[in-house]
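Asker: need a structure here:
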Amino acid sequence: MDKEERKRIHKKISLLTLLALVIVIVIMIGGTFMGWLSIRAFQLIACLYLVGYWAVTDILEPKLTKLLEGVTEDQKTSYKKYAAMDFAGYMGILVFVIFAGQGGASNVGMIGLVVYAYTLTAKKKFRMEFQHPEKIRKKQAPVQKKEISIREKAAMVKPVEDEPETEESRGIDPVETADETGKTEPSDSSEE
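Answerer: Next up is the predicted model:
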């Protein structure tokens, strides 16, 4: 499928989802002000719109534009992760809508906003992996270690200077091993 046809399909879907959003907003605002829309109906309409929007933009549009044809398995996996993060973000918005204004439970609604904010960065990452896998591979390319010859390794080793071994260098405290006369006794002695 060529780019022009994909753009045409994308424009139609964008127009359809925008029109649906306008209708949902008019129904919600009108119904709320006129008093015939209960809070549960408001939440149900919001839920249906968000799930429908996700299904149209992340499932239907890629099928119609054949977006996932001719891509690698890694790209398909990245797109599926992107769509899952998109869904989780919309559900975060839904949690906010459901719990907003319910007194003490409104903190739960804030968790929904946190989930949405987190999914924004995750979606961006997975979208980038889907659209530009070559850039991701370059960043994650394994570092090839340079073979180092034995002579080079030997040149890297710092010579160790020999120091006379003392009790302190062995970790023995001479004060602890001193007897009543002040003489130190070797702590290694095994007298029996």
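Asker: gap between the helix or strand hosting Y118 and the chain center?
Answerer: When elements are assigned from DSSP states H and E, Y118 belongs to helix 106-131. Distance of helix 106-131 from its chain centroid, counting by C-alpha atoms, centre = their mean, to the nearest Å, is 9 Å.
Asker: what is it packed up against?
Answerer: Judged by 3 or more C-beta pairs under 8 Å, 6 or more residues apart in numbering; DSSP states H and E, helix 106-131 is in contact with helix 73-99, helix 133-139. Just so you know, the C-beta spots here come from the backbone N, C-alpha and C atoms, and that holds for glycine as well.
Asker: the helix or strand L21 falls within packs against which elements?
Answerer: Per DSSP H and E, L21 falls inside helix 3-34. Helices and strands touching helix 3-34, by 3+ C-beta pairs under 8 Å, 6+ apart, are helix 39-54, helix 61-65.
Asker: now V115. Nearest residue, chain neighbours left out?
Answerer: G92 (3.3 Å; C-beta to C-beta, 6 or more residues apart in numbering).
Asker: number of nearby residues for K135?
Answerer: By the criterion of other C-beta atoms under 10 Å, K135 has 11 neighbours.
Asker: OK, contacts around it?
Answerer: M128 (C-beta atoms under 8 Å, 6 or more residues apart in numbering).
Asker: do you know the pLDDT at it?
Answerer: What the model reports as pLDDT for K135 is 70.
Asker: pLDDT averaged over the helix holding L21 - what is it?
Answerer: 90.
Asker: report the buried residues of it.
Answerer: 9, 13, 17, 24, 28 (16 or more other C-beta atoms under 10 Å).
Asker: contact partners for the spatially most central residue of the chain?
Answerer: By C-alpha atoms, centre = their mean, the chain has its centre lying nearest to A122, at 4.7 Å. With contacts defined as C-beta under 8 Å, 6+ apart, A122 is in contact with 81, 85.
Asker: can you check the pLDDT for it?
Answerer: Per-residue pLDDT puts A122 at 88.
Asker: now E163
Answerer: For E163, pLDDT reads 62.
Asker: could you do K138 as well?
Answerer: Value for K138, per-residue pLDDT: 54.
Asker: ditto for I98
Answerer: At I98, the model reports a pLDDT of 82.
Asker: skip the chain neighbours and tell me the closest residue to it.
Answerer: Q43 (5.2 Å).
Asker: okay but the one you found is in contact with A100, surely?
Answerer: No - the pair Q43 and A100 fails to qualify as a contact (C-beta atoms under 8 Å) at a distance of 9.9 Å.
Asker: quick one: residues contacting G89.
Answerer: G89 neighbours (C-beta under 8 Å, 6+ apart): 115-116, 119-120, 123.
Asker: again, only using 6 Å
Answerer: The contact partners of G89, taken as C-beta atoms under 6 Å, 6 or more residues apart in numbering, are 116, 119.
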